[in-house]
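Chemist: when you get a sec, could you give me coordinates for this:
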Amino acid sequence: MKQWSLVTPKLLFLFSILLLGVFSLFLKSGVLKVNSDLYLGTYIFGKLIFKKKIIITQKSKVAVLKLSKRQKMAWFSVASPDQSLSYHKNDVTLLNDKHTHKELLISLNDEVLAKKVITFLEENFGFIHEVYSPDFS
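Modeler: The predicted model follows:
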């Protein structure tokens, strides 16, 4: 006599993929200070789940790069081939003294949040906020 089980390996795999997809909707990124080190953290429901150390030894300046981006909508290609969605990003970038080397710290949609990150970096790590203008001389 066979016993039927509702929990099969395939169903368990699909459920775990669905659960990870739902949790990924609630992931947020942020910067944090632990002792005297700068970290980029990933949070879910306000709890830190992952952090990555950012090396700031040769970086002394910070800038916000404001970028306009466009994403093509492929499913509208027949009706309107140039249909796209445009949005703005504020990339908080760490720079060296001459602005020749840059490292993206975090990319944000909101300009107010980018200013909060800049203020955090200035107060806690002594970064200087400047307008990005590389000097290749």
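Chemist: over to Leu121: give its phi and psi.
Modeler: Dihedral angles of Leu121 (phi, psi; degrees, to the nearest 10) stand at phi -70, psi -40.
Chemist: looking at it, it is touching Ser60, isn't it?
Modeler: No. With contacts counted by CB atoms under 8 Å, Leu121 stays clear of Ser60, the gap being 10.8 Å. Heads up, the C-betas are built off the backbone N, CA and C, glycines and all.
Chemist: quick check: Phe23 vs Ile17, distance?
Modeler: Applying CB to CB, to the nearest Å, the value for Phe23 to Ile17 is 11 Å.
Chemist: an error on my part: the question was meant for Val34.
Modeler: 32 Å.
Chemist: that older thread, neighbour count: Leu121 and Ser60, which is higher?
Modeler: Leu121 (22 against 15; other CB atoms under 10 Å).
Chemist: once you drop chain neighbours, what's closest to that one?
Modeler: Phe127 (4.3 Å; CB to CB, 6 or more residues apart in numbering).
Chemist: what count of nearby residues applies to the one you found?
Modeler: If we define neighbours as other CB under 10 Å, then Phe127 has 20 of them.
Chemist: am I right that it is in contact with Ala63?
Modeler: No. With contact defined as CB under 8 Å, Phe127 does not count as touching Ala63 (9.7 Å).
Chemist: list the contacts for His99?
Modeler: 61, 63, 130, 132-135 (CB atoms under 8 Å, 6 or more residues apart in numbering).
Chemist: same check on Val62?
Modeler: Counting by CB under 8 Å, 6+ apart, Val62 touches 92-95, 105, 118, 121-122, 127-130.
Chemist: pLDDT at it, what is it?
Modeler: Per-residue pLDDT puts Val62 at 93.
Chemist: same question, Gln83
Modeler: Value listed for Gln83 in the pLDDT field: 70.
Chemist: Glu67 and Asp91 touch, don't they?
Modeler: For residue 67 the amino acid is Leu, not Glu. Yes. Shown here, Leu67 and Asp91 form a contact pair, counting by CB under 8 Å, at 6.3 Å.
Chemist: quick one, which of these two is more surrounded?
Modeler: Using other CB under 10 Å as the criterion, Leu67 and Asp91 rank with Asp91 on top: 17 against 10.
Chemist: perfect, that will be all.
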